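**Q** Give the three-dimensional model of this entry:
(one chain, ligands or ions: 1)
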Amino acid sequence: MIRTNLFETHKDDIHGSSSVLDVGCGALHDLMCFEDSEIRLLQGIDMAVDQSRLYSTYFNVAAKAGRTPLKKAHFVNRYRIQQADLQQYNFGGELHNFIICRNVLHFFPDSEKYVLINRMHMGLEQGGLLYLQVNHSDNVNIIRSEYAVDRGDNVFENKVNPSQVFFLANYEHFVTEINTQFAVLDRYTSKTDDSIILTIRK
Ligand SMILES: C[S@@+](CC[C@H](N)C(=O)[O-])C[C@H]1O[C@@H](n2cnc3c(N)ncnc32)[C@H](O)[C@@H]1O
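**A** Next up is the predicted model:
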């Protein structure tokens with residue numbers, strides 16, 4: 001999968017920001033692009049964070065991506081990665097100028113997806129930007145063939161781990177729903193990773 005560098009594509013949006021928050025940050029692929037920015041604090045939340053292996057995971061991913069990894073002391077100063085379940089996390093606690101949520105919302109059914117988007121929106125400063133990238137159901141051939149059993153209604157079960165369920169977004173419904181609730185700045189589909197991308201300005 002070719003991944004767009006969100007710092008390169010959103011340089012103007014983050015100009016002057018002091019922190020960026022990646023919701024469901026995984027192996028820090030997106031956050032590490034912001035090392036090239038002046039943003040002081042790179043923050044992430046994920047329920048699967050293993051603090052004892054965080055730096056080595058980062059180091060390996062950065063090296064594989066062709067980056068020069070930060071030294072551990074610099075990493076510790078620049079990154080703040082919390083282990084938390086997004087359903088319990090308090091997004092209103094600290095406000096951010098740029099929030100990313102990429103390829104995470106398919107773990108939530110529609111009812112919870114929109115609640116979570118509302119809560120992330122609460123974590124934005126006035127004028128801040130929310131970047132949402134969601135797998136959509138118009139193009140699920142890869143997911144269907146490799147990982148998932150189709151349970152209908154855009155619900156797929158992980159073949160290897162049946163307790164993990166994917167709720168793919170219905171493109172039209174998703175865009176309509178978001179448009180009724182938020183000021184959508186931009187929307188497009190990504191051909192490289194089969195998803196809908198929406199940016200919301202607060
Ligand atoms: C497909 S990965 C995407 C990771 C990253 N955003 C990226 O694009 O590389 C989805 C991530 O969402 C996290 N996740 C899923 N449900 C979560 C929840 N309820 N609370 C916190 N993290 C969650 C998973 O642990 C996983 O790291």
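
**Q** CA only for contacts and neighbour counts going forward, please
**A** Will do.

**Q** Could you give the separation of stretch 152-159 from the chain centroid?
**A** Stretch 152-159 sits 21 Å away from the centroid of its parent chain (Cα atoms, centre = their mean, to the nearest Å).

**Q** Next, the buried residues of it.
**A** Neighbour-count burial for stretch 152-159 flags N154, V155, F156, E157, N158 (criterion: 16 or more other Cα atoms under 10 Å).

**Q** Next, format those as TSV and append distance to the ligand and secondary structure.
**A** Formatted as TSV, the buried residues of stretch 152-159 follow (distance: Cα to the nearest ligand atom, whole Å; DSSP: H, G, I helix; E, B strand; the rest coil):
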residue	distance to the ligand	secondary structure
N154	17	coil
V155	15	strand
F156	14	strand
E157	14	strand
N158	13	strand
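
**Q** can you tell me which of the residues you listed lies nearest to A169?
**A** N154 (7.2 Å; Cα to Cα).

**Q** Which residues of the chain lie near the ligand?
**A** Neighbours of the ligand within the chain, by Cα under 6 Å from any ligand atom: 24-26, 29, 46-48, 84-87, 102-104, 107.

**Q** The same query, at a cut-off of 5 Å, please.
**A** G24, C25, G26, D46, M47, A48, D85, L86, R102, N103, V104 (Cα under 5 Å from any ligand atom).

**Q** which one in the residues you listed is the model shakiest on?
**A** Comparing pLDDT over the residues of the chain next to the ligand, N103 scores lowest. The value there is 90.

**Q** picking that back up, let me know the closest of the residues of the chain next to the ligand to L95.
**A** L86 (15.9 Å).
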